[in-house]
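got a sequence here, can you build the structure:
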Amino acid sequence: MPSPDLLLAFGAAAFAVILIPGPTVLLVSSYAISQGRRSAWLCILGVCLGDAAAMTLTFAGLGAVLAASAEIFALLKWAGVLYLTYLGLQLWRAPAATGEADGPVERGARRIVLRAFTVNVLHPKGLAFYAALLPQFIDPARAALPQMAVLAVVFIALAFSVLSMYALAAVRFRALLASRTARRTFNRTGALCLFGAGAYVATLRHGN
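Numbers count the residues shown, from 1 in each chain. The predicted structure is shown next:
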């Protein structure tokens with residue numbers, strides 16, 4: 001297990017990074033605004049599973065490879081841009097359903113979880129970030145694997161907490177209006193969030 005001072009420093013760094021709005025924050029917000037609380041929780045679950053997968057890949061060495069290879073970075077980046085744009089177009093064209101603020105969950109919980117997982121894993125800066133950040137908080141005098149596991153749990157717990165705050169804020173805004181016109185506006189606002197996430201990913205540069 002990492003020493004308490006390293007763990008505290010990692011928690012502070014991770015919280016600051018997670019708090020900055022990025023593709024996953026925009027994705028969760030788009031689900032919260034367009035579909036409500038339940039879909040937002042499923043989206044957060046997918047994001048957290050994506051974090052776990054990304055950290056596992058980093059521990060396996062892929063993060064270092066990605067940090068060194070501009071070609072692989074670009075491939076993941078544009079795959080992520082295209083996927084976010086596809087999701088945004090689907091949400092833009094979605095029918096403006098009315099009903100309770102928590103509305104029906106989009107066809108199958110697994111689809112929402114898988115979409116969030118895919119968006120997170122296809123974010124190349126995430127893997128590169130983990131490869132750069134995590135080794136700084138590993139004490140070489142201690143066993144590496146238990147330390148990695150603890151850091152992953154801390155990061156995912158912080159991600160869940162921060163994303164939940166964003167989701168609850170978005171749901172509160174969504175609950176203010178329930179008309180068909182408002183729902184259409186929410187859908188398109190969510191779609192714009194996804195387009196914005198895609199645009200953000202498109203601006204990423206290898207090595208920055």
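
what sits against Y31?
S39, A40, L42, C43, I112, A167, G190 (CB atoms under 8 Å, 6 or more residues apart in numbering). Where you see a C-beta, it was placed from the backbone N, CA and C, and this is true even at glycine.

from S3, how far out is the second one?
Computed as CB to CB, to the nearest Å, the A40 to S3 distance reads 36 Å.

who has more neighbours out of the two?
Neighbour count, other CB atoms under 10 Å: between A40 and S3, A40 has more, with 29 against 13.

helix, strand or coil: sort out that one for me.
Using DSSP: H, G, I helix; E, B strand; the rest coil, the three-state assignment for A40 comes out as helix.

from L114, how far out is it?
16 Å.

ditto for T85
From T85 to L114 the distance is 17 Å (CB to CB).

just V25 next, same as before
19 Å.

between these two, which is the more surrounded one?
V25 (22 against 15).

what's the helix or strand for the closest residue to the more buried one other than its chain neighbours?
In this structure, V25 finds its nearest non-sequential neighbour in Y166, 5.5 Å apart by CB to CB, 6 or more residues apart in numbering. Element membership for Y166 (DSSP states H and E) is helix 144-174.

what mean pLDDT does that helix have?
In this model, helix 144-174 has an average pLDDT of 86.

ditto for stretch 115-128
75.

coming back round to it: who's in contact with the residue nearest to V25?
Counted by CB under 8 Å, 6+ apart, Y166 has contacts P21, V25, V28, S29, A32.

please repeat the previous calculation with a cut-off of 6 Å.
Neighbouring residues of Y166 by CB atoms under 6 Å, 6 or more residues apart in numbering: V25, V28, S29.

what's the closest of those residues to F137?
Checking the contacts of Y166 against F137 by CB to CB gives V25 as the nearest, at 23.1 Å.

what's the distance between that closest one and A167?
From V25 to A167 the distance is 9 Å (CB to CB).

repeat for L8
For L8 relative to A167 (CB to CB), the value is 27 Å.

what do you get for V150?
26 Å.

more neighbours, the two?
A167 (23 against 16).

ok, that one to I112 distance?
For A167, the distance to I112 - CB to CB - is 12 Å.

likewise for A169?
Distance from A169 to I112, counting by CB to CB: 19 Å.

more neighbours, those two?
I112 (24 against 12).

hang on, isn't the more buried one packed against L42?
Yes. Assessed by CB atoms under 6 Å, I112 is found in contact with L42 at 4.2 Å.

mind listing what's buried along stretch 42-61?
42-52, 54-55, 57-59 (16 or more other CB atoms under 10 Å).

now the helices for this protein?
4-19, 23-35, 37-59, 62-68, 70-93, 109-121, 124-133, 144-174, 180-202 (DSSP state H).

list the helices and strands the first one packs on?
The one in question is helix 4-19. Under the contact definition 3 or more CB pairs under 6 Å, 6 or more residues apart in numbering; DSSP states H and E, helix 4-19 sits against helix 144-174.

tilt between the helix it packs on and helix 23-35?
30 degrees (axes from the mean of the first three to the mean of the last three CA atoms, to 10 degrees).
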